[in-house]
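Engineer: Sharing a sequence plus its predicted fold:
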Amino acid sequence: MNILILGSGGREHAFAWKISQSLHCEKLYVAPGNAGTAQIAQNLPISYNDFEGVAKAIIDHKIKLVIVGPEEPLVNGLVDYLKSQPKLARVKIIGPDRLGAQLEGSKDFSKNFMTKYGIPTAASRTFTAETLEDGLAYVASHSLPVVLKADGLAAGKGVIIAETTAEAQTTLKEMLTEGKFGSAGNKVVVEQFLRGIELSVFVLSDGVNYKILPEAKDYKRIGENDTGLNTGGMGAVSPVVFADESFLKKVENKVVKPTLAGLQAEGIQYIGFIFVGLMNVKGEPFVIEYNARMGDPETEVVLPRIQSDLVTLLLAAADQKLSDTDFTVSPQTAVTTVLVSGGYPEAYTKGQIISDLEKIEEVTMFHAGTALDENLGVVTNGGRVLAITALANSLEGAVNRSQKAAATVQFEGKYYRKDIGVDLIRYQD
Ligand code: AMP
Ligand code: GLY
């Protein structure tokens, strides 16, 4: 069958790489894609926010399966739109509808959902401009640090961890009355700070049944030892050594099962990925957030560990047959290191020539922000440029291979973290 992947990052290149190996895949399209996906699929110059353009591409290219990579079109109702088109009635789509995507699109929705279905999460209250005074009083009596979250999508920037009451009150006011984070901050969730170690668990849901995919840890900050500004993600590791079998069993029983049951009880037929961001607090899982999609760069370590045909799994999800399907996971460790443009996550330049790609060995390279320039070849085209994934029998081995390749590839302004996975090596020792 012909398959379409929507998105243009490292996550989508990883999906394209895995799906291009599938026996089910005849022709693979990525919209809009990048220079990496162009090598293994046909890029279509269509924005995933152009719902009519996407529908037309599905018809023109006889697409039978669509995988929606990023959250924005999900939260904006792309799936609802496609499902409402009579000509697309038989197209299978991996990605929740607008209501399901509220798990990510509204922190207030997801907090209420977790409270209603008994899913462990930090205690919280939500405030709006009308309840600002209550909010200021609430944060004044709250323990420190206190966490403030913009309700809506804020590209990973909408969370403030305030160390003082004054900072919390100023931030709350700025979000609710001065448009900090735009309309995403019209509602603010104020929540308890959780102390523990973070990791992410990925679930594929068919609406009733689920499969838990390999877990991962990502590295969000720009600087080594988790310092500096938050980014989309500077690297990731799977598996996560501190997530032992008993912890993952707790995640399944206390988080995954009630989440699926809650979605059904709400009448949401959730077909797609649920990314559960978790804090391990003294061996107990607490949900920090849900995302309605796979993570980036987590996908770049999760998919390389899945040995089975991914399309078989995706079709089973679309057809409510996940309980009849199995998949196998490699026991090896995957590490990805992300190369970024100098200046990222603040201002950076694009169009830098990328060289020495042919010199890297023993890794899989996923393009994140690249483009093909007619004269210059592969050039940088985003903040995150490449994600370099290595698989090895040991964590150290995977770290070393990924780092070696990261050092080899060249472009003006290249930066990457040299400590991806190093904390986990220490932990396992
Ligand atoms: P989010 O956008 O919800 O993933 O939050 C961004 C980051 O803020 C998370 O990855 C955590 O590191 C941190 N964070 C969010 N909520 C909490 C919390 N309740 N306690 C501690 N850290 C948090
Ligand atoms: N790496 C975090 C995310 O995809 O949201």
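Structural biologist: Good, I have the coordinates. Ligands and ions are numbered 1, 2, ... in the order given.
Engineer: going forward, measure contacts between C-alpha atoms and count neighbours the same way
Structural biologist: Fine.
Engineer: Which elements pack onto the helix or strand containing D108?
Structural biologist: Applying DSSP states H and E as the criterion places D108 in helix 107-116. Under the contact definition 3 or more Cα pairs under 8 Å, 6 or more residues apart in numbering; DSSP states H and E, helix 107-116 sits against helix 102-105, strand 187-192, strand 284-291.
Engineer: And the next helix or strand past that helix?
Structural biologist: strand 124-128.
Engineer: Looking at that next one now, give me its mean pLDDT.
Structural biologist: Averaged across strand 124-128, the pLDDT comes to 91.
Engineer: same check, this time on stretch 157-165
Structural biologist: For stretch 157-165, mean pLDDT is 89.
Engineer: so what's I161 bridging to?
Structural biologist: V147 (DSSP bridges).
Engineer: Count the neighbours of it for me.
Structural biologist: 18 (other Cα atoms under 10 Å).
Engineer: The one 3 residues further on too?
Structural biologist: Residue crowding around T164 was assessed by other Cα under 10 Å; the count is 14.
Engineer: Against ligand 1, how distant is it?
Structural biologist: Relative to ligand 1, T164 is positioned 15 Å away (Cα to the nearest ligand atom, to the nearest Å).
Engineer: Likewise for D108?
Structural biologist: 12 Å.
Engineer: ok, that residue - contacts?
Structural biologist: Shown in contact with D108 (Cα atoms under 8 Å, 6 or more residues apart in numbering): T126, D151, K187, V188, V189.
Engineer: Which one (most neighbours) among those residues?
Structural biologist: V188 (29 neighbours).
Engineer: mind checking how far the nearest residue to that one once chain neighbours are set aside is from A41?
Structural biologist: Spatial nearest neighbour of V188, chain neighbours left out: A150 (4.8 Å); criterion: Cα to Cα, 6 or more residues apart in numbering. Counting by Cα to Cα, to the nearest Å, the gap from A150 to A41 is 37 Å.
Engineer: for Y219, same thing?
Structural biologist: 29 Å.
Engineer: Neighbour count for these two, which is higher?
Structural biologist: More neighbours surround Y219 than the other of Y219 and A41, with 27 against 21 (other Cα under 10 Å).
Engineer: biggest separation within the contacts of D108, which pair?
Structural biologist: For the contacts of D108, the farthest-apart pair by Cα to Cα is T126 and D151; their separation is 8.7 Å.
Engineer: Find residues that contact each of these two.
Structural biologist: D108, K187, V188, V189.
Engineer: quick one: the strands in the stretch 1-150 of the chain?
Structural biologist: Read by DSSP state E, counting those that start in this stretch, the stretch 1-150 of the chain holds these strands, from start to end of the chain: 2-7, 28-32, 42-43, 63-68, 92-94, 124-128, 146-150.
Engineer: now these in CSV, with distance to F202?
Structural biologist: Supplementary listing: the strands of the stretch 1-150 of the chain in CSV, determined by distance: least, Cα to Cα, whole Å:
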stretch, distance to F202
strand 2-7, 19
strand 28-32, 22
strand 42-43, 27
strand 63-68, 15
strand 92-94, 14
strand 124-128, 24
strand 146-150, 22
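Engineer: Reformat the ones you listed as a markdown table; add distance to ligand 1.
Structural biologist: What follows is the strands of the stretch 1-150 of the chain, written out as a markdown table (distance: least, Cα to the nearest ligand atom, whole Å):
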| stretch | distance to ligand 1 |
| --- | --- |
| strand 2-7 | 20 |
| strand 28-32 | 25 |
| strand 42-43 | 30 |
| strand 63-68 | 20 |
| strand 92-94 | 22 |
| strand 124-128 | 9 |
| strand 146-150 | 6 |
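Engineer: K350: which of the ones you listed is closest?
Structural biologist: Proximity to K350, assessed across the strands of the stretch 1-150 of the chain by Cα to Cα, is greatest for strand 28-32 (17.4 Å).
Engineer: contacts for that closest one?
Structural biologist: Defining contact as Cα under 8 Å, 6+ apart, one finds that strand 28-32 is touched by 2-8, 12, 16, 20, 37, 40-48.
Engineer: roughly how far apart are I353 and Q410?
Structural biologist: Applying Cα to Cα, the value for I353 to Q410 is 8 Å.
Engineer: Looking at the helices and strands packed on helix 107-116, which is nearest to ligand 2?
Structural biologist: Among these, the nearest to ligand 2 by Cα to the nearest ligand atom is strand 284-291 (7.0 Å).
Engineer: what's that closest one in contact with?
Structural biologist: 71, 101, 103-104, 107, 110, 119-122, 247, 250-251, 254-255, 274-280.
Engineer: and whichever residue of the stretch 151-300 of the chain sits closest to ligand 2, how many residues sit next to it?
Structural biologist: Using Cα to the nearest ligand atom, the single residue of the stretch 151-300 of the chain nearest to ligand 2 is G295, 3.3 Å away. When counting by other Cα under 10 Å, one arrives at 29 neighbours for G295.
Engineer: Quick check on the residue found closest to L322 once you drop the neighbours it is linked to in the chain: phi, psi?
Structural biologist: Leaving aside its chain neighbours, L322 sits nearest to A316 (5.0 Å; criterion: Cα to Cα, 6+ apart). Main-chain torsions, A316, degrees, to the nearest 10: phi -60, psi -40.
Engineer: Which pLDDT value goes with G33?
Structural biologist: What the model reports as pLDDT for G33 is 96.
Engineer: so what's it up against?
Structural biologist: With Cα under 8 Å, 6+ apart, G33 has these contacts: L6, G7, S8, G9, E12, H13, N43, L44.
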